[in-house]
Structures are given as structure tokens and as C-alpha cells.
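Novice: Could you work out the structure for the sequence below:
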Amino acid sequence: MNNFLVYTLEANLLVAALYACYRLSVHRLTTFAWNRLFLLLIPVVGLLLPLVELPPTPMASALPQLSLNEVVVGALPQASIPWMSWLLWSYWAVVGLLGLRLVWQITNLMRLFLRSAKVRHSSHWEVYLPDEQPSFSFLNVLFLNGSLSGNAKEIVVNHELVHIRQHHSFDLLFLQVVSVLFWFNPVWFFVKRSLVTVHEFLADADGSAGQPKQYSELLLSQSFQVPAMALSHAFYHQNLLKTRIKMLYKTPTNWRQRWRYALVLPVLCTWFVLACTPEMQDPLPGNAASEPLSSLKNRAEVDTPPSYPGGMSQLTLFLGENLQYPRKAKEANIEGKVMVQFRVSATGEIDGAEIIRGIGYGCDEEALRVINLLENFEPAVRDGAPVATQLTLPIMFKLVDDAPHPPVPPAPQR
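Specialist: Numbers count the residues shown, from 1 in each chain. The predicted model follows:
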């Protein structure tokens, strides 16, 4: 559940950042097709990018690299927090209700289609509505007000056919489903409203070709609800009237202004830096982390690897007895592997301990605390002289069903 909450937070923050970029940079441009693509990519990029994990980056170091055996820290899991369960159930309950409402809306449109008089054209259906109902389109169906006639009818039909030919209904259905899943984020409402606005701009630009004045009068008549001159869309908002009329007379955007779409790149780069930082790769290839220290001397280019007083069994026993599962991690049911890297100097002293891959919730700090308690090592030897080496220790924090037992030291190697 924690992973789901983290993903949800990251995805919605990224969506908010991308939409802010849209509003600040390009939403006033008349490149409506580009704006439509931008808005449709916001949910795609926002929901998929947090799932991306960059390939691990190998650690670069001039010191010989060695990897120690993995140490497992076990603890009994904490009882789940009731309010977290209630929060999850409440979330899915709202998703279910909003999903049912969406299904009900689509069902009503289907019922309207089935019970109304209609004509099949090559590319769409034309359904005739009573005089009091405005015209609109959904998928490949044009619902036409029965009172329209003459030039007004032609303009309305041309407008709605643009929505049908460009498949605007699929855009809105996609965003509607996403906004049902992330109902708690108001940004989705603004993304959807902006997309509806762009759809209307696209249909107005095509439908008003050569007669912007008459088209504007038709839009005004809709605002005053004149039945004989009605023009509407399935997702029509009356507060778009002034903006739509202004766009009819606005000078088309110069192609040089399209550089503004590149302003989204700093947002994506910042996201990669903050949220998609790659995990560090183990310094040694293959299964080096699971091999005994004594078998790694060739890999590390030393004649004799460093050794802990009492041998590897004593080191494993010391770590198992002193590492404690942080309370914060147990309460949040956090598990995972912490990779600690430290330097064993030519005199055997330990310094430079750092986390190269962590899981947070106090586990990283606990790993560093115990590493700094270790006694001095016997330094590695190369060409008859002691040399400094860099060691990597994987520590697995794992919640278990039963109380953990002290680790069993491995049998001494001969």
C-alpha cells in the first residue's frame, strides 16, 4: 500500500507540474492541434514516468572493490493501522461511485440513441432530437436539434462533424476514466476543461471558415438560448463563449512561437533528477555480493583481502546482534535492501561510510550506525604492502512471521 501511495503522490505532482507548464507557456497559442496533443500527453507522461527506473550506474572508484555477504535483519511486522485501511476503502468507494455515474451517463446516451429517429450516413449517425434539446455529438453520433434549418443547421452540423472526425469523444472518455481514478486531485478537472476548450477551438476554426461573423452570432444565440439558432456540444460550457469568439478573430500564431512547447523539457529533467535517481550498481559483477570475502581477491586485484578480527563469522555475528529494525520502518511495513559502502584504510581503520542505495524510514541511519561501531580490519595486502580498499555491505531489512533468530555464522573456510 505504501508503494501505491508514493506512486499516486508522485504521479499527481508531476501532472500538476506539466499542466502548470501548459498554462504558463502555450495555452494562448492558436496551434490547437499541438495543444490537444500536449494535454493528452500530460496523463500519459504523468502516470507512466513515475514507474520508470533508470538502469543502475556503476560506482567509479580508484580503490580496489570488495563486496561482503548480505546480512538479514528480521522483525515482527506491526499490526496494520486501521485508518490506513479505512482510507483505502474510502478511496475505492468513491472510485466505484464515480465509475457508476460515468456508466450511467453513457447508458443514457445509448438509450437516447435507441429511442430517437435517426439516419445512417457513411461516416456517422444523425439522430433527431426534440426542439427543446440542444445539438451535440458523442463518438460517431450527431444528436441534432429538430428546430434547426438552413444555414444555421449547416454550421451546427459542420461544427459537430469536426468533433466526430477528430475523435474528440475518445479524448474526453480517456480523461474521464483517469479523473475517476484520481478524483481527489483537482488538477484533472482543469486538464479536462482545457481539453474541452481546445476541442471547441478546433471545431470553431473548421466550422467558421469564411463566415466568422455569422458564426459568432450563432454562438451568442446559444448563450441567450434562442431555440431556432441553437449550437451546443456534449461538453459545452457557457463560460467559454467569450474566449471562443475572441479566438475566431485572433491572428494565427507564428510558427516560430512553437519553441514554447520545449519549455516542458526543464520540468521533465527536474523530475528525473528529483524522483528518478538511479540506484547504484553493486561494484562487482555477477554474484559477488553472495561470495565469501576470501574468494574475491582476484576481482579486487589484491593479494590478500582485508579481514575482520575473528573472521567473517565474527563480523556476521556482530552485525546480526547489533542491527535493530527501526520502529518507524516496522510501523510502515517497510522492507528492502540497504547498500552501505565504506573504506578500509591501509592501517585498517574504517571511514567514509555512506549509503549508496537506501530505503529510508530510519533503516539507512541504522546501517551507518552499526558500521561505525565495527573494529578495525586487517588491511588488504598487494605486492607485500598494505593497501586501502572499499567494501560494500548489503543489509536486508525483512519483516518475518516469527521472532527472528540470531544469525548462524558461516562455517570457517579452509
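Novice: Where does pLDDT dip in the stretch 301-414 of the chain?
Specialist: 401-414 (pLDDT under 70).
Novice: Please repeat the previous calculation with a cut-off of 50.
Specialist: Counting by pLDDT under 50, the low-confidence segments of the stretch 301-414 of the chain come to 403-405, 408, 411-414.
Novice: show me where it has helices.
Specialist: Using DSSP state H, counting those that start in this stretch, the helices of the stretch 301-414 of the chain run over residues 312-322, 327-331, 363-371.
Novice: can you list these in CSV and add distance to Ala17 and mean neighbour count?
Specialist: The way it works is simple: take the backbone N, C-alpha and C, and place the C-beta from them, glycine included. Listed next are the helices of the stretch 301-414 of the chain as CSV, based on distance: least, Cβ to Cβ, whole Å; neighbours: other Cβ atoms under 10 Å:
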stretch, distance to Ala17, mean neighbour count
helix 312-322, 42, 17
helix 327-331, 29, 16
helix 363-371, 27, 20
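Novice: Quick one: those helices as CSV, columns for distance to Thr30 too.
Specialist: Converted to CSV, the helices of the stretch 301-414 of the chain look like this (distance: least, Cβ to Cβ, whole Å):
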stretch, distance to Thr30
helix 312-322, 65
helix 327-331, 53
helix 363-371, 51
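Novice: Among these, single out whichever gets nearest to Ser345.
Specialist: Nearest to Ser345, of all the helices of the stretch 301-414 of the chain, is helix 363-371, at 14.3 Å by Cβ to Cβ.
Novice: Touching the closest one from outside, list them.
Specialist: The contact list for helix 363-371 (Cβ atoms under 8 Å, 6 or more residues apart in numbering) reads 319, 322-326, 329, 334, 336, 338, 340, 342, 350, 353-355, 358, 393, 395, 397.
Novice: before we move on, back to that, any idea which of the helices of the stretch 301-414 of the chain gets closest to Leu263?
Specialist: Smallest distance to Leu263 across these (Cβ to Cβ): 35.8 Å, for helix 363-371.
Novice: ok, back up a step: do you know which of the helices of the stretch 301-414 of the chain lies nearest His159?
Specialist: helix 327-331 (57.7 Å).
Novice: related to what we said a few turns ago, name only those of the contacts of helix 363-371 that count as buried.
Specialist: Among these, those classed as buried by neighbour count (16 or more other Cβ atoms under 10 Å) are 319, 323, 325-326, 329, 334, 338, 340, 342, 350, 353, 355, 358, 393, 395, 397.
Novice: which residue packs closest to Gly99, ignoring adjacent ones?
Specialist: Val180 (5.4 Å; Cβ to Cβ, 6 or more residues apart in numbering).
Novice: before we move on, what about Ile355?
Specialist: Using Cβ to Cβ, 6+ apart, the closest residue to Ile355 is Asp364 (4.7 Å).
Novice: Likewise for Gly384?
Specialist: Once flanking residues are discounted, Gly384 sits nearest to Asp303: 7.7 Å by Cβ to Cβ, 6+ apart.
Novice: cool, Tyr22 as well?
Specialist: Per Cβ to Cβ, 6+ apart, closest to Tyr22 is Phe38, 5.7 Å.
Novice: Can you name the residues that contact that neighbour?
Specialist: Tyr22, Val26, Tyr261, Val264.
Novice: With secondary structure, neighbour count and pLDDT as new columns, can those be given to me in TSV?
Specialist: Output for the contacts of Phe38, formatted as TSV (DSSP: H, G, I helix; E, B strand; the rest coil; neighbours: other Cβ atoms under 10 Å; pLDDT from 0 to 100):
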residue	secondary structure	neighbour count	pLDDT
Tyr22	helix	21	92
Val26	coil	20	87
Tyr261	helix	18	86
Val264	helix	19	84
